[in-house]
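Engineer: predicted model follows, preceded by the sequence.
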Amino acid sequence: MDHMQRPPGKTTIEPDVLVAIARLTALNVPGVNRLTAMPGTVDRLFQRGANEGVHITLENNVVSADLYVILNRDVDVREVSRSIQSQVARAISEMVGMEVGRIDIHIEDIDYNHSTQPET
(Lines give C-alpha, C1' and ligand atoms only; values in the text may rest on other atoms or scores of the structure.)
Protein backbone atom coordinates (compact mmCIF):
# COMPACT_ATOMS: atom_id res chain seq x y z
CA MET A 1 0.00 0.00 0.00
CA ASP A 2 1.24 3.47 -0.87
CA HIS A 3 2.16 5.20 2.42
CA MET A 4 0.70 8.47 1.14
CA GLN A 5 -2.75 6.90 0.84
CA ARG A 6 -4.90 6.71 3.99
CA PRO A 7 -6.45 3.36 4.87
CA PRO A 8 -10.25 3.24 5.08
CA GLY A 9 -11.83 4.18 8.39
CA LYS A 10 -11.92 7.16 10.67
CA THR A 11 -10.44 8.33 13.94
CA THR A 12 -12.53 9.96 16.63
CA ILE A 13 -11.11 12.00 19.47
CA GLU A 14 -12.94 11.96 22.80
CA PRO A 15 -13.25 15.51 24.23
CA ASP A 16 -11.59 14.30 27.45
CA VAL A 17 -8.43 13.68 25.40
CA LEU A 18 -8.44 17.33 24.31
CA VAL A 19 -8.98 18.41 27.93
CA ALA A 20 -6.00 16.30 29.02
CA ILE A 21 -3.75 17.66 26.27
CA ALA A 22 -4.65 21.28 27.10
CA ARG A 23 -4.30 20.74 30.85
CA LEU A 24 -0.94 18.96 30.75
CA THR A 25 0.48 21.41 28.22
CA ALA A 26 -0.58 24.45 30.27
CA LEU A 27 0.87 22.96 33.46
CA ASN A 28 4.25 22.63 31.74
CA VAL A 29 4.44 26.33 30.87
CA PRO A 30 6.91 28.11 33.17
CA GLY A 31 5.04 30.47 35.50
CA VAL A 32 1.87 28.36 35.70
CA ASN A 33 1.29 27.20 39.26
CA ARG A 34 -1.88 25.19 38.68
CA LEU A 35 -5.26 25.17 36.98
CA THR A 36 -8.43 25.81 38.92
CA ALA A 37 -12.06 24.83 38.51
CA MET A 38 -14.07 27.07 36.22
CA PRO A 39 -16.15 29.61 38.08
CA GLY A 40 -19.80 29.68 37.23
CA THR A 41 -23.20 28.22 37.67
CA VAL A 42 -24.47 24.73 38.37
CA ASP A 43 -24.48 23.89 34.65
CA ARG A 44 -20.66 23.96 34.66
CA LEU A 45 -20.74 20.79 36.76
CA PHE A 46 -21.88 18.92 33.67
CA GLN A 47 -19.17 20.28 31.34
CA ARG A 48 -16.15 18.10 30.65
CA GLY A 49 -12.97 19.42 32.16
CA ALA A 50 -14.70 22.14 34.20
CA ASN A 51 -13.21 20.90 37.46
CA GLU A 52 -9.79 20.56 35.83
CA GLY A 53 -9.63 24.21 34.76
CA VAL A 54 -10.24 23.53 31.08
CA HIS A 55 -13.35 24.05 28.97
CA ILE A 56 -13.17 22.67 25.43
CA THR A 57 -15.65 23.45 22.68
CA LEU A 58 -15.82 21.88 19.23
CA GLU A 59 -17.58 23.64 16.41
CA ASN A 60 -17.23 22.59 12.76
CA ASN A 61 -14.16 20.51 13.70
CA VAL A 62 -12.43 23.56 15.19
CA VAL A 63 -11.22 23.26 18.79
CA SER A 64 -11.48 26.23 21.14
CA ALA A 65 -10.45 26.23 24.78
CA ASP A 66 -10.81 28.27 27.93
CA LEU A 67 -8.14 27.67 30.57
CA TYR A 68 -8.49 28.88 34.14
CA VAL A 69 -5.05 29.27 35.67
CA ILE A 70 -3.27 30.37 38.81
CA LEU A 71 0.15 31.83 38.10
CA ASN A 72 3.27 32.07 40.22
CA ARG A 73 4.19 35.47 41.56
CA ASP A 74 6.91 37.50 39.87
CA VAL A 75 5.99 36.43 36.34
CA ASP A 76 5.07 38.50 33.31
CA VAL A 77 1.35 37.68 33.12
CA ARG A 78 1.05 38.67 29.46
CA GLU A 79 4.09 36.61 28.44
CA VAL A 80 2.93 33.51 30.35
CA SER A 81 -0.59 33.84 28.91
CA ARG A 82 0.74 34.07 25.36
CA SER A 83 3.00 31.09 25.98
CA ILE A 84 0.05 29.03 27.24
CA GLN A 85 -1.98 30.00 24.17
CA SER A 86 0.73 29.12 21.66
CA GLN A 87 1.82 25.89 23.35
CA VAL A 88 -1.72 24.56 23.87
CA ALA A 89 -2.69 25.41 20.27
CA ARG A 90 0.46 23.72 18.94
CA ALA A 91 -0.02 20.62 21.12
CA ILE A 92 -3.63 20.11 20.00
CA SER A 93 -2.77 20.72 16.37
CA GLU A 94 0.26 18.43 16.37
CA MET A 95 -1.11 15.63 18.55
CA VAL A 96 -4.58 15.23 17.07
CA GLY A 97 -4.34 17.16 13.80
CA MET A 98 -7.34 19.35 14.54
CA GLU A 99 -7.67 23.03 13.67
CA VAL A 100 -7.47 25.32 16.68
CA GLY A 101 -9.62 28.42 17.00
CA ARG A 102 -9.41 30.47 20.19
CA ILE A 103 -7.40 29.68 23.30
CA ASP A 104 -8.65 32.02 26.01
CA ILE A 105 -6.68 32.28 29.24
CA HIS A 106 -8.43 33.31 32.45
CA ILE A 107 -6.03 34.36 35.22
CA GLU A 108 -7.95 33.42 38.35
CA ASP A 109 -5.27 34.19 40.94
CA ILE A 110 -1.58 34.69 41.67
CA ASP A 111 0.05 32.29 44.13
CA TYR A 112 2.07 34.58 46.39
CA ASN A 113 3.37 31.62 48.40
CA HIS A 114 5.43 30.42 45.43
CA SER A 115 8.31 32.44 44.09
CA THR A 116 10.07 31.99 40.77
CA GLN A 117 13.11 33.72 42.25
CA PRO A 118 15.64 31.61 44.20
CA GLU A 119 15.62 32.28 47.92
CA THR A 120 18.78 33.80 49.37
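Structural biologist: Here it is on my side, so go on. Numbers count the residues shown, from 1 in each chain.
Engineer: longest strand in the protein, by number of residues?
Structural biologist: Once the chain is assigned using DSSP state E, the strand that runs over the most residues is strand 99-115.
Engineer: so which residues make contact with that strand?
Structural biologist: Applying CB atoms under 8 Å, 6 or more residues apart in numbering, the external contacts of strand 99-115 come out as 33-34, 36, 39, 59, 61-74, 77, 81, 84-85, 88-89, 92-93. The C-beta positions use only the backbone N, C-alpha and C, and glycine is treated the same way.
Engineer: and residue 25, what helix or strand is that in?
Structural biologist: Following DSSP states H and E, the helix or strand that holds residue 25 is helix 15-27.
Engineer: tilt between the longest strand of the chain and helix 15-27?
Structural biologist: 50 degrees (axes from the mean of the first three to the mean of the last three CA atoms, to 10 degrees).
Engineer: pull the distance from strand 99-115 to the chain's centre.
Structural biologist: Once both centres are worked out by CA atoms, centre = their mean, to the nearest Å, strand 99-115 turns out to sit 9 Å from its chain's centre.
Engineer: name the residues of that strand that come out as buried.
Structural biologist: Going by neighbour count (16 or more other CB atoms under 10 Å), the buried part of strand 99-115 is 100, 103, 105, 108.
Engineer: that strand pairs with which strands?
Structural biologist: Strand 99-115 pairs in its sheet with strand 62-73 (parallel), by DSSP bridges.
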